[in-house]
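Peer 1: Following is a predicted model, sequence given first.
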Amino acid sequence: MIGLMVPFAGFVIYFISISIYVVVKLYLVNNEIKNVERQTENVSREITANNDLLKKFILSKHVLVKIESLNKTRFPYKEYLDKMISLLPPSVVLKNVDFSKKNWIAATVSVPSLVSLKTLEESLSDSDLLATTPFVSIFSEGVNRDKSGLYSVNLQFEINNNAGK
């Protein structure tokens with residue numbers, strides 16, 4: 001009989017200790033909930049007390065959202081120019097850009113030498129570099145040499161339909 005009492009007493013002590021642990025944790029969680037509710041009430045009071053500031057904030061937020069949506073619908077000229085320039089070697093100068101033809105950008109660049117022209121051709125034919133741009137293809141329409149000895153290259157950049165608007 002005493003042999004059965006020891007396991008039973010151990011189980012009772014274990015059960016009581018687990019119950020005490022659960023009650024203490026429940027008490028702590030309830031206190032935390034009360035603290036959060038008090039903070040929520042304080043914040044709500046502060047917001048309603050600053051009703052004019054809240055209205056200004058909401059109006060400002062609405063204006064900013066509207067500006068952002070308008071900017072998203074605009075044609076990304078700057079991004080395309082930045083990508084075009086990133087494809088050009090340092091010695092090549094962008095002279096003219098024409099966005100008038102849908103899904104195409106026409107550009108004229110000035111190249112100082114044949115070595116720079118070769119570097120430009122290599123850069124524009126690099127498929128890995130082209131893959132990082134919004135352009136599907138790039139080709140040269142012609143190369144002319146002016147009186148000062150500079151080469152003028154007419155380029156066409158085809159815009160990826162998913163990248164352009």
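Peer 2: That came through fine.

Peer 1: Check the residue nearest the centre of the chain and give its pLDDT.
Peer 2: Geometric centre of the chain, nearest residue: residue 72, 12.8 Å, by CA atoms, centre = their mean. On pLDDT, residue 72 comes in at 76.

Peer 1: what does residue 163 give?
Peer 2: So, for residue 163, pLDDT stands at 51.

Peer 1: Run the chain-centre distance for the lengthiest strand in the chain.
Peer 2: In the chain, assigned by DSSP state E, the strand with the most residues is strand 135-145. For strand 135-145, the gap between its own C-alpha mean and the chain's C-alpha mean amounts to 31 Å (CA atoms, centre = their mean, to the nearest Å).

Peer 1: Pull out the buried positions in it.
Peer 2: 135, 138 (16 or more other CB atoms under 10 Å). Using the backbone N, CA and C atoms, a C-beta is placed for each residue, glycine as well.

Peer 1: Any chance you could list what contacts it?
Peer 2: With contact meaning CB atoms under 8 Å, 6 or more residues apart in numbering, strand 135-145 is reached by 83, 87, 117, 121, 124, 130, 151-160, 163.

Peer 1: Now the buried members of these.
Peer 2: Of the contacts of strand 135-145, these count as buried by 16+ other CB under 10 Å: 83, 87, 117, 124, 130, 151, 153, 155-157, 159.

Peer 1: Which of these fall within helices?
Peer 2: Among the buried ones among the contacts of strand 135-145, DSSP state H puts 83, 87, 117, 124, 130 in helices.

Peer 1: what's the farthest-apart pair in those residues?
Peer 2: 83 and 117 (20.7 Å; CB to CB).

Peer 1: Show me the shaky parts of the protein.
Peer 2: Filtered on pLDDT under 70, the chain yields the residue ranges 1, 162-165.

Peer 1: which residues in the protein form helices?
Peer 2: All helices of the chain, identified by DSSP H, fall at 2-49, 51-73, 77-87, 114-124, 127-131.
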